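Sequence and predicted structure are below.
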Amino acid sequence: MSLENEILIEKYFENQLSKEEKLIFEEKIINDERFSKAFEFERNIKKSIHLTEREALKVMLKGFDEKPHRRVISFRNWYWLSAAAMIILGVLFWLSTENKPNNEDLYLSYYQNYPNVVEPIVRGEGNQGDKNEAFKAYEQEKYQKSKVLFHNIFDKTKAEYALFYESQSYFALGETQKGIDILENASFTDDKYQFKTQQKWYLALAYLKLNKIENAKKYLYILAKSENIQQENASNLLKLLP
């Protein structure tokens, strides 16, 4: 599926289609079988994770206020529930259509923008400050704004969360290489936010999107051979790559 079609589907789910794009979308649903299947695939994924997503984030954020060993367990349980739903749907889709997933389809089935686990935004509270403003923009999907705010925060504080979410903002905007450049040159720790592990996971996905399979495999192998919250995802994705 082309980048143009990918953007069209994403705009549909974000209710951002113009009148002209809506007409194009409707025409493709009727006449473009590959586009229609990709759309149904994405819709099924979104349905499957809708109910688990909110609870996963709640448990994740709650876990950060508890003891370290409880944080990891709480996050992992809900994370795997969401991930398993996506993987099962992906396998069923490709078996039912007798297609072998290409790299772009695999990327779409595994990619999910990393949630705000650092600065929970409480609606109605008048929190101020650069950090809060950056995460507010990020949660509102104003990624052009959030990437600048996170960049400025990192320049001032060298906080690793700012660098990580700057890369996430670029990925959400489709500026994949810029996100890669940030992560490839960053040094993260695996504290309670697991940025070091997520760094490898998002680099693998980003290289997959750019069809740089060997680069993607390099990071997937690292994740698959040791215990971490992305180990199972990495192992499953490796099995689907050529």
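It's in.

Format the CA atom coordinates belonging to the helix or strand encompassing Ile9 as PDB.
Assigned by DSSP states H and E, Ile9 belongs to helix 3-13. The C-alpha coordinates for helix 3-13 follow below in PDB (Å, rounded to 0.1, in the frame of the first residue of the first chain):
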ATOM      1  CA  LEU A   3       2.100   6.200   1.500                       C
ATOM      2  CA  GLU A   4      -0.800   8.200   0.000                       C
ATOM      3  CA  ASN A   5      -3.300   5.400   0.800                       C
ATOM      4  CA  GLU A   6      -1.800   5.000   4.300                       C
ATOM      5  CA  ILE A   7      -2.300   8.700   5.000                       C
ATOM      6  CA  LEU A   8      -5.800   8.600   3.500                       C
ATOM      7  CA  ILE A   9      -6.800   5.800   5.900                       C
ATOM      8  CA  GLU A  10      -5.200   7.500   8.900                       C
ATOM      9  CA  LYS A  11      -7.100  10.700   8.100                       C
ATOM     10  CA  TYR A  12     -10.300   8.800   8.000                       C
ATOM     11  CA  PHE A  13      -9.800   7.500  11.500                       C
END
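
backbone phi and psi for Ile213, please?
Here is the backbone geometry of Ile213 (degrees, to the nearest 10): phi -70, psi -40.

Pull the contacting residues for the closest residue to it other than its chain neighbours.
Distances taken as CB to CB, 6 or more residues apart in numbering place Leu241 nearest to Ile213, at 6.0 Å, with adjacent residues excluded. No exception for glycine: its C-beta is placed from N, CA and C like everyone else's. Neighbouring residues of Leu241 by CB atoms under 8 Å, 6 or more residues apart in numbering: 103, 106, 208, 213, 216-217, 220.

and the helix holding Ile9, what does it pack onto?
helix 19-31, helix 33-63 (3 or more CB pairs under 8 Å, 6 or more residues apart in numbering; DSSP states H and E).

Could you tell me the least trusted of the ones you listed?
Note on the helices and strands packed on helix 3-13: lowest mean pLDDT is at helix 33-63, with a mean of 62.

Let's verify the nearest residue to Phe135 once chain neighbours are set aside: helix, strand, or coil?
Spatially, and ignoring its direct neighbours in sequence, Phe135 is nearest to Glu119 (4.3 Å; CB to CB, 6+ apart). For Glu119, the assignment made with DSSP: H, G, I helix; E, B strand; the rest coil gives coil.

Contacts only, for Glu119.
With CB under 8 Å, 6+ apart, Glu119 has these contacts: 131-132, 134-135.

Could you give the average pLDDT over the helix or strand harbouring Phe171?
Using DSSP H and E, Phe171 sits in helix 160-172. When pLDDT is averaged over helix 160-172, the result is 96.

That one to helix 3-13, inter-axis angle?
Following axes from the mean of the first three to the mean of the last three CA atoms, to 10 degrees, one obtains 110 degrees for the angle between helix 160-172 and helix 3-13.

Next secondary structure after helix 160-172?
Past helix 160-172, the next helix or strand by DSSP H and E is helix 176-184.

ok, and what's touching that next one?
Contacts of helix 176-184 (CB under 8 Å, 6+ apart): 163-164, 166-168, 170-171, 199, 202-203, 206-207, 209-210.

quick one: that helix to chain centroid distance?
14 Å (CA atoms, centre = their mean, to the nearest Å).

Check stretch 151-164 too.
The answer for stretch 151-164 is 20 Å, by CA atoms, centre = their mean.

cool, and stretch 175-188?
The chain centroid and the centroid of stretch 175-188 are separated by 14 Å under CA atoms, centre = their mean.
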